[in-house]
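In: Could you work out the structure for the sequence below:
(2 chains)
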Protein chains: 2
Amino acid sequence: MIMKKGDAFSREFVVTEKIYSTFVEAFNDRNPLHSDESFAKQKGFSSVVMHGNILGGFISYFIGECLPLKNVVLHSQEIKYLRPVYLNDKLFFSALVDEVHDSVHTVVFKFVFENMEKVKVAKGKIQIGII
Amino acid sequence: MIMKKGDAFSREFVVTEKIYSTFVEAFNDRNPLHSDESFAKQKGFSSVVMHGNILGGFISYFIGECLPLKNVVLHSQEIKYLRPVYLNDKLFFSALVDEVHDSVHTVVFKFVFENMEKVKVAKGKIQIGII
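Out: Numbers count the residues shown, from 1 in each chain, chains lettered A, B, ... in the order given. All right, here's what the predicted structure looks like:
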């Protein structure tokens, strides 16, 4: 297997206006938490909150484009959202190979997203298959 | 609580060319499985496979726009990808309230995505908070 337990990967992502607006255009989730500044503030957030599934798009890029092999497919993905992510937040994504199962050609990663204040905003697990 | 265990929701989603291309534009995952027809066929798929995290965008829309209340936030999301999803697939999403925790204002859903051949393509769990 080209990856082994303990292998570490990292990547910076920025939640740009373009990513935010493109996500909304694609999926049409205009919930007030994501679109209404005064609603978001009334609920205790400093501004409108970015959609949690934008982080899923970053995970897609990581799996599809940042690994040392391209012949991969997502098997499963778990994510816990710990803190809000705001527009223009710079997110530091890091992933660690947690399990390698050569016989079934699968790899499990643990990952975290931290913001620019080193606050963990999300964490989870991803299982991929080597195809 | 406005929702109770057993409450059921459903929605149809179509993976349109627009959604696919907008997702790629936003997140730049051009892995050959998602972009190279001959690679995908060589790996045993009938065509390029849609990004698993496109389903996450549909979940975002479901949570943000299809529930009987808008004051919600995603706590966590787990998804298992069971079968490939192709361009223009019509997906039938159904979600069931599995747990309601009034004291901590959380609701857990179990969900499945089925394609037009009634094949289960993905399933998982979503926890939301009422804010």
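In: For chain A, which segments count as strands?
Out: A:8-14, A:72-81, A:90-101, A:106-114, A:120-130 (DSSP state E).
In: do you know which of these lies nearest A:P32?
Out: Closest of these to A:P32 is strand A:72-81, at 17.5 Å (criterion: C-beta to C-beta). In short, each C-beta sits where N, CA and C put it, glycine included.
In: May I see the strands of chain A organised as JSON lines, with mean pLDDT and distance to B:V15 added?
Out: Shown next, in JSON lines, are the strands of chain A (pLDDT from 0 to 100; distance: least, C-beta to C-beta, whole Å):
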{"stretch": "strand A:8-14", "mean pLDDT": "98", "distance to B:V15": "24"}
{"stretch": "strand A:72-81", "mean pLDDT": "98", "distance to B:V15": "15"}
{"stretch": "strand A:90-101", "mean pLDDT": "97", "distance to B:V15": "25"}
{"stretch": "strand A:106-114", "mean pLDDT": "98", "distance to B:V15": "25"}
{"stretch": "strand A:120-130", "mean pLDDT": "98", "distance to B:V15": "21"}
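In: so which of those strands gets nearest chain B?
Out: strand A:72-81 (4.2 Å; C-beta to the nearest C-beta).
In: how about stretch A:68-82, does it reach chain B?
Out: Yes - using C-beta under 8 Å from any C-beta of the partner chain, stretch A:68-82 reaches chain B at A:K70, A:N71, A:V72, A:V73, A:L74, A:H75, A:S76, A:Q77, A:E78, A:I79, A:K80, A:Y81.
In: Give me the contacts around that stretch.
Out: A:2-3, A:52, A:55-56, A:59-60, A:63-64, A:106, A:120-131, B:31-33, B:43, B:49, B:52-53, B:56, B:73-81 (C-beta atoms under 8 Å, 6 or more residues apart in numbering or on different chains).
In: top helix in chain A by residue count?
Out: helix A:52-65 (DSSP state H).
In: chain center to that one: distance?
Out: 5 Å (C-alpha atoms, centre = their mean, to the nearest Å).
In: That helix versus strand A:90-101: what angle between them?
Out: 60 degrees (axes from the mean of the first three to the mean of the last three C-alpha atoms, to 10 degrees).
In: residues of helix A:52-65 that come out buried?
Out: A:52-64 (16 or more other C-beta atoms under 10 Å in any protein chain shown).
In: A:V15: which of those is nearest?
Out: Once C-beta to C-beta is applied, the member of these that ends up nearest A:V15 is A:I54, at 6.1 Å.
In: what about the residue lying farthest from the centre of chain A, distance to A:M1?
Out: In chain A, the greatest distance from the average C-alpha position (C-alpha atoms, centre = their mean) is reached by A:S103, at 27.7 Å. Noted for A:S103: a distance of 10 Å to A:M1, by C-beta to C-beta, to the nearest Å.
In: Show the contacting residues for the residue nearest the centre of chain A.
Out: By C-alpha atoms, centre = their mean, chain A has its centre lying nearest to A:L55, at 3.2 Å. Residues near A:L55 by C-beta under 8 Å, 6+ apart: A:I79, A:Y81, A:V85, A:L91, A:F113, A:A122.
In: switch the cut-off to 7 Å
Out: Counting by C-beta atoms under 7 Å, 6 or more residues apart in numbering or on different chains, A:L55 touches A:I79, A:F113, A:A122.
In: Equivalent analysis for A:R11, please.
Out: By C-beta under 7 Å, 6+ apart, the neighbours of A:R11 are A:F62, A:C66, A:F93.
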